[in-house]
Structure formats: C-alpha cells, structure tokens
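Asks: Have a look; sequence and predicted model below, questions after that.
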Amino acid sequence: MTGLDPDLRFDKHKAGIQANRYAQKFSRHLLPDLYQARNLMSCDGARDKEVNSAIDLREGGFGVWQA
C-alpha cells in the first residue's frame with residue numbers, strides 16, 4: 001500500500017530505498033495487468049483489498065509477503 005506511482009515504487013525497491021528484500025533480490029519487472037484495474041481507495045478499503053489480493057496471488061502461485 002503506497003501513495004507512489006507503481007513504477008517509482010518498483011524503482012525504489014530495486015535501488016534498496018525502503019526496499020522489500022524479496023522484491024529487491026528476485027523481482028524482474030512489474031505486471032501492470034495485476035494492478036491497473038485498482039482505483040484509489042481509502043486506507044481501510046486498501047487494507048482489506050491487500051489481504052484479499054495477497055490470498056488470490058498466493059493461490060495463483062505468486063510469492064507474496066505482507067507486514
């Protein structure tokens with residue numbers, strides 16, 4: 001969950017700035033199809049959506065870590 005553009009956030013992960021170690025080490029590129037349909041939402045709505053999205057992604061075989 002971030003207020004940053006996904007491309008900027010990804011670049012920060014790869015550069016080691018506020019980085020998730022898994023994203024920094026293993027990520028190769030963004031998958032816009034997974035996030036482009038997401039609209040801006042409230043913090044509570046985003047928190048709920050994050051949990052549901054993580055479950056769906058794990059079931060699809062993606063590695064997902066949450067704080």
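Replies: That came through fine. Source: prediction; values computed, not measured. Residues are numbered from 1 along each chain as shown.
Asks: SS state for residue 29?
Replies: Secondary structure state of residue 29, per DSSP: H, G, I helix; E, B strand; the rest coil, is coil.
Asks: Roughly how far does it sit from residue 6?
Replies: 11 Å (CB to CB, to the nearest Å). In this view, the C-beta of every residue, glycine as well, is placed from N, C-alpha and C.
Asks: out of these two, which sits in the busier spot?
Replies: The residue with more neighbours, out of residue 29 and residue 6, is residue 6; 15 against 6, by other CB atoms under 10 Å.
Asks: list the contacts for that one?
Replies: 30, 32, 35 (CB atoms under 8 Å, 6 or more residues apart in numbering).
Asks: try it again with 7 Å
Replies: 30, 35 (CB atoms under 7 Å, 6 or more residues apart in numbering).
Asks: Under the pLDDT cut-off, which ranges of this structure? List them.
Replies: 1, 39-40, 67 (pLDDT under 70).
Asks: all strands of it, in order?
Replies: Shown for the chain, no strands are assigned by DSSP state E.
Asks: any chance you could map the helices in it?
Replies: 6-15, 21-26, 32-35, 43-59 (DSSP state H).
Asks: As a markdown table, these with distance to residue 66 would be great.
Replies: Listed next are the helices of the chain as a markdown table, based on distance: least, CB to CB, whole Å:
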| stretch | distance to residue 66 |
| --- | --- |
| helix 6-15 | 15 |
| helix 21-26 | 11 |
| helix 32-35 | 15 |
| helix 43-59 | 6 |
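Asks: most tightly surrounded among those helices?
Replies: Mean neighbours per residue, mean count of other CB atoms under 10 Å, is largest over these for helix 6-15, with a mean of 14.
Asks: so how far is it off the chain centroid?
Replies: 10 Å (CA atoms, centre = their mean, to the nearest Å).
Asks: Identify the residues contacting residue 13.
Replies: Here residue 13 is in contact with 19, 20, 23, 24, 27 (criterion: CB under 7 Å, 6+ apart).
Asks: For the second one, give its distance to residue 42.
Replies: With distances taken as CB to CB, residue 20 is found 23 Å from residue 42.
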